[in-house]
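> sequence unavailable; structure follows:
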Ligand code: FES
């Protein structure tokens, strides 16, 4: 039996199969809801179910209050009846945007012991429209997928720049570091995700952990391309100074008086750099976040801490955007026991 999902206060409804998630059904019908990991880890897809019965798993991504207010993770929620939902945002997807292509590796450069810069090129003549901050899904021949933020700005639409961090026991990243070479091809499904700059006059906080710098690079370069004039502060955190693998933030700061760069190191004290956790450096500088818009990208622990602490500092929920890296271990940890 197919159920119907309607959207509160909008003239939008779409069908959903009993084994289909609300997020998948919305996308199949041509709508975009906020999402990032699709695995029940990041909490980006959460929204209310106003009426109807569901099968759902929430794990730690929802607070006890959110659960009692009938918030669910749409990527982990399947209908048992017709539903009325109240998402934070829903918009018509660009039907021509997403493509599956065989991309060729045309440049690789190891930036640190555990970060590889990888440039992929689409087949001749192919271009893919995307928003700065979105990610690419790498499709493995065995059916597994790996998601990576794109570091290139949308103007560079003939390929993809990836910042790949070596993950212990991560088969794809081991492949990148040990066997992948220039000329190889990778099947990609692109673009994905709703992590992208929102229009506003508010000052922007970009908070990146490690290779969470990749989507920030895309966003900052896209703002420059489009002449968007807003105050931007990039907080880039790493355990060691070697993990801050790009000189671009210093160049941007030298070129643009409205751009500030705050490097933050957690496991060492470095001259000229802040010490501690990256999201705490933000809070030390800005005890009240009521007037900001914040974008956070990194491991689940960073995203969870920023969500909780930034909200406590007054950041409006609608001004907070996260892109969470998820490894297989994170997904296992988020699964119902
Ligand atoms: S997209 Fe649903 S929890 Fe991440």
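Good, I have the coordinates. None of these values were measured; they are calculated from a predicted model.
> now the helices for the stretch 51-200 of the chain?
Counting by DSSP state H, counting those that start in this stretch, the stretch 51-200 of the chain has helices at residues 64-68, 171-178.
> out of those, which is closest to residue 118?
Residue 118 lies closest, by C-beta to C-beta, to one member of the helices of the stretch 51-200 of the chain: helix 171-178, at 6.5 Å. For the C-beta atoms, the positions are set from N, CA and C on the backbone; glycine is no exception.
> any stretches of this structure with poor pLDDT?
Where the chain drops to pLDDT under 70, the residues are 95-96, 327-337.
> name the residues of it found near the ligand, please.
Proximity of the chain to the ligand (C-beta under 6 Å from any ligand atom) is limited to residues 35-38, 40-45, 61, 73, 75.
> looking at those, which has the most residues close by?
Using other C-beta atoms under 10 Å as the neighbour criterion, residue 73 leads those with 29 neighbours.
> what's near enough to touch it?
By C-beta atoms under 8 Å, 6 or more residues apart in numbering, residue 73 lies in contact with 40, 43, 45, 46, 56, 57, 58, 59, 61, 62.
> residues near the closest residue to residue 237 other than its chain neighbours, how many?
Distance criterion C-beta to C-beta, 6 or more residues apart in numbering; nearest residue to residue 237, sequence neighbours excluded, is residue 278 at 2.7 Å. Neighbour count for residue 278, taken as other C-beta under 10 Å: 26.
> thought residue 302 was touching residue 278, still the case?
Yes: using C-beta atoms under 8 Å, residue 278 is in contact with residue 302, at 6.9 Å.
> give me the common contacts of those two.
With C-beta under 8 Å, 6+ apart as the test, residue 278 and residue 302 both reach 207, 209, 237.
> coming back round to it: please identify which of the contacts of residue 73 is nearest to residue 163.
Of the contacts of residue 73, the one sitting nearest to residue 163 (C-beta to C-beta) turns out to be residue 43, at 23.5 Å.
> do I have it right that the closest one meets residue 306?
No: here residue 43 lies out of contact with residue 306, judged by C-beta under 8 Å, at a distance of 11.3 Å.
> ranking the helices of the stretch 51-200 of the chain by burial, who's on top?
Comparing the helices of the stretch 51-200 of the chain by mean neighbour count (mean count of other C-beta atoms under 10 Å), helix 171-178 ranks first with a mean of 16.
> helices and strands around that helix, which ones?
Counting contacts by 3 or more C-beta pairs under 8 Å, 6 or more residues apart in numbering; DSSP states H and E, helix 171-178 packs against strand 115-121, strand 159-165.
> rewinding a little: go through the residues of the chain next to the ligand and flag which are in strands.
Members of the residues of the chain next to the ligand lying in strands (criterion: DSSP state E): residue 73.
> how about the residues of the chain next to the ligand in CSV, adding distance to residue 178?
CSV is the format used below for the residues of the chain next to the ligand (distance: C-beta to C-beta, whole Å):
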residue, distance to residue 178
35, 31
36, 28
37, 26
38, 28
40, 30
41, 27
42, 29
43, 34
44, 32
45, 34
61, 33
73, 35
75, 32
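> please parse this protein into its domains.
Listed domain ranges for the chain are 3-92, 99-192, 204-331 (source: automatic domain parsing).
> as a markdown table, the ones you listed with distance to residue 198 would be great.
Listed next are the domains of the chain as a markdown table, based on distance: least, C-beta to C-beta, whole Å:
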| stretch | distance to residue 198 |
| --- | --- |
| domain 3-92 | 9 |
| domain 99-192 | 10 |
| domain 204-331 | 7 |
